[in-house]
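S.K.: Structure for this input, please:
(one chain, ligands or ions: 1)
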Amino acid sequence: MSTLDVHPTRTPEPPVTSTTPASPFLGPGSPLDARQQEVVQRVSDAEHASIVALPSDHPLDPKRRARDEATYPELVAQPDRIRETLAVNDAALDELADLVAATDLDRVFVTGAGDSLAVAIAARQVLESMLGVPCEPVQSLDLAYYLAPLVTGRSLVVALSSSGETTRTVEAALVAQHAGALTVAITNTPGSTLARESERTLVLRATRVGWPTQSSTTALALLVDLAVRVGQRTGRPGAHDLAAELSRLPGLMEQVIRDVEAPLAVIAEREQGSGTFLFSGAGPTWGPAVIGAAKVKECTPDHAEAVQVEEFHHYNSLKAGEPLWVLAPAGPSVPRAVHTASEAKRFGGRVYAVTTEGVDAFDGVADEVIVLPRVSEALSPLLTVLPAQLTGYLLAMAQFRTAEARETTGG
Ligand SMILES: N[C@@H]1[C@@H](O)[C@H](O)[C@@H](COP(=O)(O)O)O[C@@H]1O
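M.R.: Numbering: from 1, shown residues only. Here you go, the predicted structure:
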């Protein structure tokens, strides 16, 4: 057997056919009207086609390689894209912040799938501290099918989708539209279905030729900026400091990308054959942990999981020989995250801690500690997400080099 047969490929299996409708919103009894149902059917068909077209798990799949390689320049350009996104949305953000500050909202739902859901998780703390109402990140399927009775005319539903065509997220927006909620789409695809079905749209200056990076961080920065502007209007303590900090974030992101790539490349070279990769975080950092696992699953044929810092301790969460990235910027989760790191070592794992200046609790516990500049924990996902994204990309590049060398030597 040649090395190339080791990993099964995802294609070309025949499509699984089913008589079950693609959504409970299609057909008799649907809460949606005929026009809305047509929208659901159309995006659902297109989504299925895009999933079938995903790269295979072949170690040298050129389609995956092209997408991985396109990820890097997009990743590196994130600080610039954030600057542009915030600048072009300046007036729209002011207008929306005026509206939000003046509206008697009782609840905000921030919804999406994949990286877009991770962004909602990362933005929760800053949104809640500035808006003063629950700002729940909700998986779009859950919002559309289970939480609809909670969505009212006093809700703000922010739907995040880079493509603007993700079926469950479009359905969540349609449910919100139906309930009379204020709906805001955040997408880098103007004219997308989500944008057309939402009352307002904030357009991201981001591309997604590679796996999602810019589309996620520009959305996160935009949500932070919106939160801060609302907080400034309603006199929330800390709003002005957060605004000042946000303006420094793109520069700090540039510094982090410059500083962490080389040490992470060494780690990726060492860990490339581990097979399973774990990422842990808590609070707003749970978002970057989810993104870390997502980039490994997208960039490589391997398995990755995000495990919440606390949940790690309630099961045997790591097997001997597995690597764990613990993301824990200065904040209340640090003591438990240090415990996570030490437990992971006890189970025979290798631990890479990502924290911020001034935290030395991982020294002597983790195999390596990556230290980022210190910022408020609420804004720190814009920094902790960078090593998480880079890890997936760098693992993939190390694996491609190894697979190529094996091909050349016929090993
Ligand atoms: N594999 C992709 C993810 O990378 C993406 O994060 C998610 C949400 O996409 P979007 O933000 O376009 O709704 O869906 C897809 O299935």
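
S.K.: can you give me the strands for the stretch 251-400 of the chain?
M.R.: 276-281, 303-308, 323-327, 350-356, 368-372 (DSSP state E, counting those that start in this stretch).

S.K.: Return the residues of the stretch 101-250 of the chain in contact with the ligand.
M.R.: Residues of the stretch 101-250 of the chain lying near the ligand by C-beta under 6 Å from any ligand atom: 112-116, 161-163, 166, 169, 211-212. To be clear about C-beta, it is placed using only N, CA and C from the backbone, and glycine gets the same treatment.

S.K.: In the stretch 51-200 of the chain, what residue comes closest to the ligand?
M.R.: For the stretch 51-200 of the chain and the ligand, the shortest gap (C-beta to the nearest ligand atom) falls at residue 114, measuring 2.6 Å.

S.K.: how many neighbours does that residue have?
M.R.: Residues lying near residue 114 (other C-beta atoms under 10 Å) number 20.

S.K.: Repeat that for residue 42.
M.R.: 14.

S.K.: ok, it - contacts?
M.R.: residue 193 (C-beta atoms under 8 Å, 6 or more residues apart in numbering).

S.K.: What separation is there between it and the ligand?
M.R.: Here residue 42 is placed at a distance of 15 Å from the ligand (C-beta to the nearest ligand atom, to the nearest Å).

S.K.: just residue 230 next, same as before
M.R.: Residue 230 is 24 Å from the ligand, by C-beta to the nearest ligand atom.

S.K.: Now that residue: which helix or strand?
M.R.: Using DSSP states H and E, residue 230 sits within helix 214-234.

S.K.: Give me the nearest residue to residue 69, chain neighbours excluded.
M.R.: residue 210 (7.4 Å; C-beta to C-beta, 6 or more residues apart in numbering).

S.K.: And the helices in the stretch 51-200 of the chain?
M.R.: Applying DSSP state H, counting those that start in this stretch to the stretch 51-200 of the chain gives helices spanning 62-76, 78-88, 90-102, 115-131, 140-145, 167-179, 193-197.

S.K.: Mean confidence (pLDDT) on the helix or strand that the last one is followed by, please.
M.R.: Put plainly, it is helix 193-197. Downstream of helix 193-197, the first helix or strand assigned by DSSP H and E is strand 200-203. Per-region confidence: strand 200-203 scores 98 on mean pLDDT.

S.K.: which ones are touching the one residue sitting closest to the centre of the chain?
M.R.: Centroid-nearest residue in the chain: residue 115, 2.8 Å away (criterion: C-alpha atoms, centre = their mean). Contacts for residue 115 (C-beta under 8 Å, 6+ apart) come out as 162, 212, 215-216, 290-291, 294.

S.K.: cool, and residue 140?
M.R.: Contact analysis of residue 140 by C-beta under 8 Å, 6+ apart lists 111-113, 117, 159, 166, 168-169, 171-172.

S.K.: Check it and give its pLDDT.
M.R.: Value for residue 140, per-residue pLDDT: 98.

S.K.: what's the pLDDT at the nearest residue in space to residue 157 that is not next to it in sequence?
M.R.: Nearest residue to residue 157, sequence neighbours excluded (C-beta to C-beta, 6+ apart): residue 176, at 3.7 Å. Residue 176 carries a pLDDT score of 96 in this model.

S.K.: Residue 176 contacts residue 158, correct?
M.R.: No: with contacts defined as C-beta atoms under 8 Å, residue 176 does not count as touching residue 158, sitting 9.5 Å away.

S.K.: Which neighbours do the two have in common?
M.R.: Counting by C-beta under 8 Å, 6+ apart, the shared contacts of residue 176 and residue 158 are residue 109.

S.K.: What residues sit buried inside the top helix by length along the chain?
M.R.: Longest helix in the chain, counting residues (DSSP state H): helix 239-271. Across helix 239-271, burial judged by 16 or more other C-beta atoms under 10 Å covers 239, 242-243, 245-246, 249-250, 252-253, 256-257, 259-261, 264-265, 267-268, 271.

S.K.: How about the contacts made by residue 130?
M.R.: So residue 130 contacts 227-228, 230-231, 234, 236, 239, 242 (C-beta under 8 Å, 6+ apart).

S.K.: Once you drop chain neighbours, what's closest to it?
M.R.: Excluding the flanking residues, the one nearest residue 130 by C-beta to C-beta, 6+ apart is residue 231, at 3.3 Å.

S.K.: Give me the neighbour count for the one you found.
M.R.: Number of residues near residue 231 (other C-beta under 10 Å) recorded here: 24.

S.K.: Let me know the distance separating it from residue 180.
M.R.: 26 Å (C-beta to C-beta, to the nearest Å).

S.K.: just to revisit the earlier point, out of the contacts of residue 115, who's nearest the ligand?
M.R.: The nearest one, if we look at the contacts of residue 115 relative to the ligand and count by C-beta to the nearest ligand atom, is residue 162, at 3.6 Å.

S.K.: Contact partners for the residue nearest to that closest one when sequence neighbours are not counted?
M.R.: Spatial nearest neighbour of residue 162, chain neighbours left out: residue 215 (3.5 Å); criterion: C-beta to C-beta, 6+ apart. Going by C-beta under 8 Å, 6+ apart, residue 215 touches 115, 162, 188, 204, 206-208.
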